[in-house]
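Student: got a sequence here, can you model it:
(one chain, ligands or ions: 3)
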Amino acid sequence: MVTCYTCGLNGIDSYLVDIEADITKALPQYDVVGLADTAIKESKERVRSSIKNSGFQFPARKITINLAPASVRKEGTHYDLPMAVALLGASIELGGLEEYVMLGELSLSGELRGVSGVLPMTDHAKKQGFSKIIVPMDNAKEAALVPGISVYPAGNLRQVIDFLTGQTSISSYQQEEELDFSAFDTTLDFADVKGQENAKRAIEVACSGGHSILMTGTPGSGKTMLSKRVPGILPPLTFEESMEVTKIYSVCGLVSKENPMLVKRPFRVLHHTASTVSIIGGGTKAMPGEISLAHNGVLFLDELPEFKREALEVLRQPLEDKRINVTRVSRSAEYPCNFMIIAAKNPCPCGYHGSQVKECSCTIDQIQRYQKKISGPLMDRIDIQIEVPAVNYDEISSIQPAESTLEIRKRVIKAREIQKKRYEGEGILTNAELTAPLVKKYCLLSPEAETLLKQAFQTLGLTARGYDKIIKVARTIADLEESQNIELHHLAEAISYRDTEHRMAD
Ligand SMILES: Nc1ncnc2c1ncn2[C@@H]1O[C@H](COP(=O)(O)OP(=O)(O)O)[C@@H](O)[C@H]1O
Ligand SMILES: [Mg+2]
Ligand SMILES: [Zn+2]
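Tutor: Ligands and ions are numbered 1, 2, ... in the order given. Okay, the predicted model is just below:
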């Protein structure tokens, strides 16, 4: 009996799989056991053809291939290579099989094809103590993102066997370029946005603390324009953040061969027709949804009231837990989904409620229904709300250059660094993630700020959640000023970002 090692995938988690090939002198038969799904049954045929077409003999014996542990469901095409190797290992002397994890899909002719999920599987192999992994050429760069494991890329089955018999050598793949996390998008610059100083400031605060933000304004006031410039001021990903989000993209088969690592924070535009499955994840393979593809980045919801109520409802739990359990008939998988929401909406169905330039043609009833559509639980999780009025002629015709993305970005990065340092060991990186006990621990208010908050609590009818939200945002505003304590003006600004429309509706 011959044993090879590979990995299985469950969400972005991975587990070790033993592939055992048992070949006995009996009537020719070829079975694969160990809870293999249909893809693995097909794999049986690819393994047979690729062995023959690589110039090897397919044993005319009774062959049993067992994938262990049998209790976990195995999916995917990457079992081809270890199955073929285990099978050939029965008749060819292969050295050091116990040192390798191997994975890859085989074509009928024996070529090795790239597969998805290589990053989480390689990471797991490393953690299990393996020092070598054999992967298809196309996955070499991705596997090499994991430090401390030698990556041997192969083009076909023949190469792998010749390598394992010692006939040829494969040099391990070395990542040459340093990963550059400092790159950012400059094609859309905040300098293009005239006026809107308040909105820009609120967006800066939101990005600095990881707070979700909702902008309300008349059509054409620049909400979409502002939102699309957010990626440029988002702080760089840390290596760990990038690894985690790249694993999600890897599982979806969304990483590029040449540049597998995500070096920019995701900015996912959620369309209002998106299905629940595409938002939270699912399908027969329990794949990640948009909220997980937005992990460590932004989920952008433009024209918020256009979204179906259910679509907004399903965002609640993930916003709270920052993880989502995707369950389907055959399996369930957990994915991280720690994202900030950037959302925009008009003030009413016609768009001109409260406008200085055009009269609103909606009835009070229509306006209330429109606002109610998005009230409640989702609003509870949005820390910052602002009005975005249309720019006036003087602003739009001004030749004064506005502040650039680069300048704003510098401040955001600085504020994030302060938070990262402060929350070392707490398991969070931003003010938005502060839990109630951590708010108490890290958000010290000056006596004047304390007095103002007390007043606001009484006169504005704040809820406990609203109270924490204000302090968290004030913490970020203080961090932008590198202020240790939260002072009166920090708190006053945070209060100005509170939810005014829905407070009463809840
Ligand atoms: N503050 C502004 N500065 C420069 N151009 C603006 C501004 N606001 C709006 N515009 C112009 O108007 C267009 C429409 O703005 P948009 O962002 O789509 O508005 P909204 O999403 O609020 O309806 C923009 O593409 C831009 O050309
Ligand atoms: Mg718009
Ligand atoms: Zn209206």
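
Student: enumerate the residues of the protein near ligand 3.
Tutor: 348, 350, 353, 360, 362 (Cβ under 5 Å from the ion). Glycine gets a C-beta too; all of them are placed from N, C-alpha and C.

Student: of those, which is the most crowded?
Tutor: Comparing the residues of the chain next to ligand 3 by number of neighbours (other Cβ atoms under 10 Å), residue 348 comes first, having 24 neighbours.

Student: give me the element that residue is part of.
Tutor: Residue 348 belongs to no helix or strand when assigned by DSSP states H and E.

Student: one more: residue 15?
Tutor: Residue 15 belongs to strand 13-24, assigned by DSSP H and E.

Student: note down every partner strand of that strand and its orientation.
Tutor: The strands beside strand 13-24 in its sheet (DSSP bridges) come out as strand 2-10 (antiparallel), strand 62-68 (antiparallel).

Student: picking up where we left off before, could you dump the residues of the chain next to ligand 3 to TSV with distance to ligand 2, pLDDT and secondary structure?
Tutor: Output for the residues of the chain next to ligand 3, formatted as TSV (distance: Cβ to the ion, whole Å; pLDDT from 0 to 100; DSSP: H, G, I helix; E, B strand; the rest coil):
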residue	distance to ligand 2	pLDDT	secondary structure
348	15	94	coil
350	15	95	coil
353	16	92	coil
360	18	95	coil
362	18	96	coil
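
Student: any idea which of these is closest to residue 448?
Tutor: Using Cβ to Cβ, residue 353 comes nearest to residue 448 of the residues of the chain next to ligand 3, at 35.4 Å.

Student: burial count for residue 366?
Tutor: 15.

Student: quick one, phi/psi of it?
Tutor: phi -60, psi -40 (degrees, to the nearest 10).

Student: which residues touch stretch 32-47?
Tutor: 30, 64-77, 79-80, 83-84, 87, 105-108, 330 (Cβ atoms under 8 Å, 6 or more residues apart in numbering).

Student: ugh, wrong one, stretch 88-99
Tutor: Residues from elsewhere that reach stretch 88-99, judged by Cβ under 8 Å, 6+ apart: 1-5, 21, 23, 51, 56-57, 59, 85, 130-132, 161, 164-166.

Student: not counting sequence-adjacent ones, nearest residue to residue 68?
Tutor: residue 18 (4.5 Å; Cβ to Cβ, 6 or more residues apart in numbering).

Student: count of neighbours near the one you found?
Tutor: As a burial measure, residue 18 scores 15 neighbours (other Cβ under 10 Å).

Student: which strand residues bridge it?
Tutor: With DSSP bridges as the rule, residue 18 is bridged to residue 5, residue 68.

Student: distance check, it against residue 37.
Tutor: 18 Å (Cβ to Cβ, to the nearest Å).

Student: nearest to residue 226, out of the strands paired with strand 13-24?
Tutor: strand 2-10 (38.7 Å).

Student: quick check: mean pLDDT of that closest one?
Tutor: Strand 2-10 shows a mean pLDDT of 95.

Student: what distance separates it from the centre of its chain?
Tutor: 26 Å (Cα atoms, centre = their mean, to the nearest Å).

Student: stretch 354-374 now?
Tutor: Per Cα atoms, centre = their mean, the centroid offset for stretch 354-374 relative to its chain is 35 Å.

Student: same thing with stretch 385-395?
Tutor: 33 Å.

Student: first-to-last residue distance for that stretch?
Tutor: End-to-end span of stretch 385-395 (Cα to Cα, to the nearest Å): 23 Å.

Student: contact partners of it?
Tutor: Contacts for stretch 385-395 (Cβ under 8 Å, 6+ apart): 194-196, 198-199, 202, 213-218, 220-223, 226, 344, 347, 354-357, 379, 497-501.

Student: give me the pLDDT value at the residue nearest to residue 116 when sequence neighbours are not counted.
Tutor: Spatially, and ignoring its direct neighbours in sequence, residue 116 is nearest to residue 253 (3.7 Å; Cβ to Cβ, 6+ apart). pLDDT, residue 253: 95.

Student: before we move on, back to that, turn the residues of the chain next to ligand 3 into a markdown table, including distance to ligand 1.
Tutor: Converted to a markdown table, those look like this (distance: Cβ to the nearest ligand atom, whole Å):
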| residue | distance to ligand 1 |
| --- | --- |
| 348 | 14 |
| 350 | 13 |
| 353 | 14 |
| 360 | 16 |
| 362 | 17 |
